[in-house]
Structure formats: structure tokens, C-alpha cells
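1. A structural model of the following input is requested.
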Amino acid sequence: MKRTSTFIGSGLFFIFFLAVITISLMNRFMNRETEIDVHKIAETYLQGVADAEMAHYETIAELRFDQLDYLQQEILKVKERASKEAVFKVAEEAADFQEMENCSLLFEDGEVLTLCGSPFLILKKRSL
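-> Predicted coordinates for the structure are as follows:
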């Protein structure tokens, strides 16, 4: 009887020990797989965010370039047959139509004429 009890106790201890080892190994495996999956999910999410931000930037840049093209076309329509003031007025109206926050013209001599919005501040270059 004692021998049978020892055998059964040893068997139960072995099964318990085997279960602990199996659960421990499964836990390590699942932790590693979870970490890999979390990295994949994070990478996919960040790639999606980056793509969305890039598309947003490209859309805004395209819109701004379209606004400039419209402004340039309007100015070129009246440039040949009108005075400088008329060109400025057309540019101002076109900028207002496009709802630009700022529209400034930069001349060859460095003068800046702000048609709408707040004027730019020109910083003078200092010699060292």
C-alpha cells in the first residue's frame, strides 16, 4: 500500500511538474508572440498615420499650387493691357476669391507689397 501511494504521489508530482513546465514554456512563447504582434500592429498603425499625413500634406500643397496658378492666370490676363494698380487690384481680388490668408508680391529690388493679410517682416542681414 505504501509503495502504491508513493508511486501515485510520484506520478502526481511528475504530472504537476510537467504541467508547470508546459505552462511556463507556453507563457514565454505567448509573451514573445504577443510582443511581435504588438510591434506589427504598431508598425501598421504608424504607417497608416504617416500615409494619411502625407496625403493630407500633398492635398494642401496641391491646393496651394492651384491657388497660385489661378492667381497667376488672373494677373497675366490683365498684365498686358492694364496699369500696375489694375494688376494689383486683380491680384488682390483673386487672392480674396481664393480666400488666401496672405498675398504678398516681392519685387526685384526686395520690396514687399502685401495685398491682403498681415505684412511680412523683412529681417536685415547683419555682417559678422
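2. From here on, just use CA atoms for contacts and neighbour counts.
-> Fine.
3. going on from the helix or strand harbouring residue 48, what's the next piece of helix or strand?
-> Under the criterion of DSSP states H and E, residue 48 resides in helix 2-79. Once helix 2-79 ends, the next helix or strand along the chain (criterion: DSSP H and E) is helix 84-97.
4. neighbouring contacts of that following helix?
-> Identification of contacts with helix 84-97 by C-alpha atoms under 8 Å, 6 or more residues apart in numbering yields 70, 71, 74, 75, 78, 79, 102, 103, 115, 116.
5. Please produce CSV containing these, extended by neighbour count.
-> Converted to CSV, the contacts of helix 84-97 look like this (neighbours: other C-alpha atoms under 10 Å):
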residue, neighbour count
70, 16
71, 20
74, 17
75, 20
78, 16
79, 15
102, 15
103, 21
115, 18
116, 17
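6. will you turn these into a markdown table that also has pLDDT and distance to residue 3?
-> Shown next, in a markdown table, are the contacts of helix 84-97 (pLDDT from 0 to 100; distance: C-alpha to C-alpha, whole Å):
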| residue | pLDDT | distance to residue 3 |
| --- | --- | --- |
| 70 | 82 | 99 |
| 71 | 79 | 100 |
| 74 | 78 | 105 |
| 75 | 77 | 107 |
| 78 | 77 | 112 |
| 79 | 71 | 112 |
| 102 | 79 | 96 |
| 103 | 79 | 99 |
| 115 | 79 | 104 |
| 116 | 79 | 101 |
